[in-house]
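Engineer: Sequence first, then the predicted structure:
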Amino acid sequence: GAVVSQHPSRVICKSGTSVKIECRSLDFQATTMFWYRQFPKKSLMLMATSNEGSKATYEQGVEKDKFLINHASLTLSTLTVTSAHPEDSSFYICSAGDREKAKNIQYFGAGTRLSVL
Amino acid sequence: AQSVTQLGSHVSVSEGALVLLRCNYSSSVPPYLFWYVQYPNQGLQLLLKYTTGATLVKGINGFEAEFKKSETSFHLTKPSAHMSDAAEYFCAVSDPNSGYALNFGKGTSLLVTP
């Protein structure tokens, strides 16, 4: 089956620093990748849709200058949390759609636990 | 806009008992519906999906769900619960207007007791 690798799985950083999270589709090409945020005991909230070769589409209320998304190739999207603050601590999950198959199937990474001190 | 509502944030069943997790959807277009399972500190694994065709869909680990348009429901069932089924379950609807991004329900935590 399709595999999405997300790295790192866990990161602890100091307030004010930036953190980059990578999302890779290992055995398929993904025209579109999605970034979700999950608060404790809460559901996943879509942050942005990442399209290869174009600017990401952000959901309402998500600061695009704070959560920088780059989708430079068909197998890699990155999310950079800039000037992180404790309120950015969360579980971030990416997903990717296989462009050769039905776009409505999303394959998820294992998530990244971000803790900002 | 599309959305899903999961009834019951926590469900507890005995091992071997029927599992029923409820999901109702709201959609202005024919929906694509999904159930995902999440184990602690892990990503999401697709259990099953409905797009078109047969309304009773079978997934992994013995789970199945039935799409009922008249009831706008997509409830998840499993005849006999196993201890390993304890996890968080999310119902989701796909939004074609957003490039097939998923709108998730709030999740149902399934507890399986011996």
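Structural biologist: Received the coordinates, thanks.
Engineer: and the lowest-mean-pLDDT helix or strand in chain A, what does it pack onto?
Structural biologist: In chain A, no helix or strand scores lower on mean pLDDT, DSSP states H and E than strand A:106-108, which sits at a mean of 88. On a contact count with 3 or more C-beta pairs under 8 Å, 6 or more residues apart in numbering or on different chains; DSSP states H and E, strand A:106-108 meets strand A:90-97, strand B:44-50. Yep, even glycine has a C-beta here, placed from its N, CA and C like the rest.
Engineer: Need the contact partners of stretch A:83-93.
Structural biologist: When contacts are defined by C-beta atoms under 8 Å, 6 or more residues apart in numbering or on different chains, stretch A:83-93 is touched by residues A:6, A:13, A:15-19, A:21, A:35-40, A:44, A:47, A:66, A:79, A:81, A:108-109, A:111-117, B:41, B:43-44.
Engineer: Return the set of residues that bridge with the spatially most central residue of chain B.
Structural biologist: With distances taken as C-alpha atoms, centre = their mean, residue B:35 lies nearest the centre of chain B, 3.3 Å away. Beta-bridge partners for residue B:35, by DSSP bridges, are residue B:48, residue B:91.
Engineer: Check what pLDDT it gets.
Structural biologist: pLDDT for residue B:35: 96.
Engineer: Surely it is in contact with residue B:63?
Structural biologist: Yes. Residue B:35 is within contact range of residue B:63, at 7.0 Å (criterion: C-beta atoms under 8 Å).
Engineer: list the contacts for the residue nearest to the centre of chain B?
Structural biologist: Contacts of residue B:35 were listed using C-beta under 8 Å, 6+ apart, and they are B:21, B:23, B:46-49, B:59, B:63, B:65, B:74, B:76, B:89-92.
Engineer: Alongside chain B, which residues does chain A contribute?
Structural biologist: Neighbours of chain B within chain A, by C-beta under 8 Å from any C-beta of the partner chain: A:4, A:6, A:32, A:34, A:42-46, A:49, A:51, A:57, A:91, A:93, A:95, A:97, A:102-111, A:113.
Engineer: Pull out the buried residues from those.
Structural biologist: When neighbours are counted using 16 or more other C-beta atoms under 10 Å in any protein chain shown, these contain these buried positions: A:4, A:6, A:32, A:34, A:43-46, A:49, A:51, A:57, A:91, A:93, A:95, A:97, A:103-111.
Engineer: tell me the mean pLDDT over stretch A:45-59?
Structural biologist: Stretch A:45-59 comes out at a mean pLDDT of 88.
Engineer: before we move on, what about stretch B:94-102?
Structural biologist: Here the average pLDDT along stretch B:94-102 is 72.
Engineer: does the nearest residue in space to residue A:39 that is not next to it in sequence have beta-bridge partners, and which?
Structural biologist: Ranked by C-beta to C-beta, 6 or more residues apart in numbering or on different chains and with sequence neighbours excluded, the top spatial neighbour of residue A:39 is residue A:90, at 5.9 Å. Applying DSSP bridges to residue A:90 yields these beta-bridge partners: residue A:114.
Engineer: follow-up on the earlier one: starting from chain A, give me the distance back to the residue nearest to the centre of chain B.
Structural biologist: According to C-beta to the nearest C-beta, to the nearest Å, residue B:35 and chain A sit 13 Å apart.
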